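Chemist: Below is the sequence, then the predicted model.
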Amino acid sequence: MNEEKSKSVSAGATANWGKFKLSVDGYFIRIDDRIIYTGSFTGSNAANASAQDKEIYELLQQANATSARFFANAIDTETKGIDVVLTYQDRLGAGKLRGDLSATFSKTNVVGDVHASDLLKGKESTYFDRSSRIYLESAIPRTKINLSMNYSLDKWNVYLRNVYFGEVDAATNTVADSQTFSGKVVTDLSFGYAFNKNISLTIGANNLFDIYPDETKIGGNRGAGYFVYSRTGQQFGTGGRFAFARLSLSL
């Protein structure tokens, strides 16, 4: 196994229009000989097994093992993305308002063929299977948008945040078990009051509307009903609404 080789390019720009400030950053990352954890190689001693499968089986028997997985420089990947942040600040009535809109759009793709070792040519689907490809390319949100508003008036403060988590795919090895989990918006809201410069109280709720990811429809992944949500393609946590009260003391 060798070290990975990477190349990256990034560029950004900022602009101001009165009460608005905008920043845009783009990036491109190429990783060659990326290290992955392969699937399980088992081999076979069946009469109709290939010479390659029989050799793998014999090697595993010599090691007193039934299967083997290992780390290998097996793929090349490219990641492209753009980050955008728009900020607005102004007075509203007797108070101050700040709004932040940020968005991230990114995509990672495997490029070219899987680099199997000479002894395991033809086993590329075991080296890097469908599940591993999905987990790398689309099991995390490729789009995330965050809109937050903060309003302060005298000793009071109100904070509202909405986060959109884009759709993701379940990392499965069969097309029949494929599932795409839809995008969701999670809302946080809190109210704060400063008794003085040292003591403040905040009450609020994270995931105010008790939003959950889509339930998995893949029976084999649900176990005995314990795993309602996907363990391989998930945008955010499954804890639901979380209410809190926080007393802060600064010395």
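Modeler: Cool, the structure landed.
Chemist: Look up which helix or strand the closest residue to residue 26 other than its chain neighbours falls in, please.
Modeler: Once flanking residues are discounted, residue 26 sits nearest to residue 82: 4.6 Å by C-beta to C-beta, 6 or more residues apart in numbering. For the C-beta atoms, the positions are set from N, CA and C on the backbone; glycine is no exception. Using DSSP states H and E, residue 82 sits within strand 71-92.
Chemist: and the residue lying closest to residue 166 once chain neighbours are set aside, what does it touch?
Modeler: In this structure, residue 166 finds its nearest non-sequential neighbour in residue 143, 3.3 Å apart by C-beta to C-beta, 6+ apart. Residues near residue 143 by C-beta atoms under 8 Å, 6 or more residues apart in numbering: 103-105, 164, 166, 183.
Chemist: Can you add distance to residue 111 and give those residues back as JSON lines?
Modeler: As requested, those are exported to JSON lines (distance: C-beta to C-beta, whole Å):
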{"residue": "103", "distance to residue 111": "25"}
{"residue": "104", "distance to residue 111": "22"}
{"residue": "105", "distance to residue 111": "19"}
{"residue": "164", "distance to residue 111": "28"}
{"residue": "166", "distance to residue 111": "22"}
{"residue": "183", "distance to residue 111": "26"}
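Chemist: Can you lay out those residues as a markdown table showing distance to residue 45 and neighbour count?
Modeler: Listed next are the contacts of residue 143 as a markdown table, based on distance: C-beta to C-beta, whole Å; neighbours: other C-beta atoms under 10 Å:
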| residue | distance to residue 45 | neighbour count |
| --- | --- | --- |
| 103 | 55 | 16 |
| 104 | 50 | 17 |
| 105 | 50 | 16 |
| 164 | 53 | 16 |
| 166 | 47 | 19 |
| 183 | 48 | 16 |
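Chemist: Now go through those and say which are in strands.
Modeler: When DSSP state E defines the strands, the subset of those inside them is 103-105, 164.
Chemist: so which pair among those residues is furthest apart in space?
Modeler: Maximum pairwise distance in the ones in strands among the contacts of residue 143, criterion C-beta to C-beta, is 11.6 Å, between 105 and 164.
Chemist: before we move on, which element is the closest residue to residue 247 other than its chain neighbours in?
Modeler: Counting by C-beta to C-beta, 6+ apart, residue 201 is the residue found nearest to residue 247 once chain neighbours are left out, at 5.4 Å. In the assignment (DSSP H and E), residue 201 maps to strand 199-206.
Chemist: What are the buried residues along the next helix or strand after that strand?
Modeler: Downstream of strand 199-206, the next assigned helix or strand under DSSP H and E is strand 242-249. Residues of strand 242-249 classed as buried: none (neighbour count, 16 or more other C-beta atoms under 10 Å).
Chemist: elements contacting strand 242-249?
Modeler: Contacts defined by 3 or more C-beta pairs under 8 Å, 6 or more residues apart in numbering; DSSP states H and E place strand 242-249 against strand 199-206.
Chemist: which other residues reach the strand it packs on?
Modeler: For strand 199-206, contacts defined as C-beta under 8 Å, 6+ apart pick out 157, 159, 186, 188-195, 241-250.
Chemist: That strand: partners in the sheet, and parallel or antiparallel?
Modeler: With DSSP bridges as the test, strand 199-206 is paired with strand 184-194 (antiparallel), strand 242-249 (antiparallel).
Chemist: CSV for these, including mean pLDDT?
Modeler: Shown next, in CSV, are the strands paired with strand 199-206 (pLDDT from 0 to 100):
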stretch, mean pLDDT
strand 184-194, 97
strand 242-249, 95
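Chemist: gap between residue 61 and residue 204?
Modeler: 60 Å (C-beta to C-beta, to the nearest Å).
Chemist: Tell me which of those two has more neighbours.
Modeler: Per other C-beta atoms under 10 Å, whichever of residue 61 and residue 204 has more neighbours is residue 204, with 18 against 12.
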